[in-house]
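Participant: Here is a sequence with its predicted model. Questions after.
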Amino acid sequence: MSVLLEFAMFPTDKGESVSEYVAEVIKGIEKSGVDFQLTPMGSIIETDTLKEAMEIVENSYKVLEPFSNRVYSTIKLDIRKGRVNGMKKKIESINAKIIN
């Protein structure tokens, strides 16, 4: 199984720029050892199980919770049985269709 999770999470009570807090979330994702891609609007991770993906979301909140009274998050999931290396394969599939 492949679980692709695209999410953004940040404190809403820390002013206009929250990059220092987002950086701490990213450090936690890096420590987890999962494949991930940082984008301007969030992060994409790939795990083998839904439980593993949701643990990353929960751990990300735990990073922010001590510093913030309010945390905003968006979450999108693509769960597919039988898929491996979904982040890479989805991009390759689209690129192959663009070239043809």
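Facilitator: Looks like it arrived, so ask away. Small disclaimer: the values here were computed from a predicted structure and weren't measured. Numbering: from 1, shown residues only.
Participant: how many other residues sit next to residue 28?
Facilitator: Neighbour count for residue 28, taken as other Cβ atoms under 10 Å: 14. The C-beta positions use only the backbone N, C-alpha and C, and glycine is treated the same way.
Participant: element containing it?
Facilitator: Assigned by DSSP states H and E, residue 28 belongs to helix 19-32.
Participant: low pLDDT regions in the protein?
Facilitator: Residues of the chain meeting the criterion pLDDT under 70: 100.
Participant: What ranges does it have for its strands?
Facilitator: 2-11, 35-39, 42-47, 71-80 (DSSP state E).
Participant: gap between the second one and the chain center?
Facilitator: The chain centroid and the centroid of strand 35-39 are separated by 7 Å under Cα atoms, centre = their mean, to the nearest Å.
Participant: Check the first one too.
Facilitator: For strand 2-11, the distance between its averaged C-alpha position and the chain's averaged C-alpha position is 3 Å (Cα atoms, centre = their mean).
Participant: Paired strands for that strand, with orientation please.
Facilitator: In the sheet containing strand 2-11, its partner strands are strand 42-47 (antiparallel), strand 71-80 (antiparallel), by DSSP bridges.
Participant: picking that back up, tell me the buried residues in the helix holding residue 28?
Facilitator: 21, 22, 25, 26, 29 (16 or more other Cβ atoms under 10 Å).
Participant: Counting by contacts, list what it packs against.
Facilitator: Using 3 or more Cβ pairs under 8 Å, 6 or more residues apart in numbering; DSSP states H and E, the elements in contact with helix 19-32 are strand 2-11, strand 35-39, strand 42-47, helix 50-64.
Participant: Just want the angle from the shortest one to helix 50-64.
Facilitator: Think strand 35-39. Angle of strand 35-39 versus helix 50-64, following axes from the mean of the first three to the mean of the last three Cα atoms, to 10 degrees, is 50 degrees.
Participant: Could you tell me the angle between strand 35-39 and helix 19-32?
Facilitator: Using the same axes, to 10 degrees, strand 35-39 lies at 160 degrees relative to helix 19-32.
Participant: The third one now?
Facilitator: Using the same axes, to 10 degrees, the inter-axis angle of strand 42-47 relative to helix 19-32 is 10 degrees.
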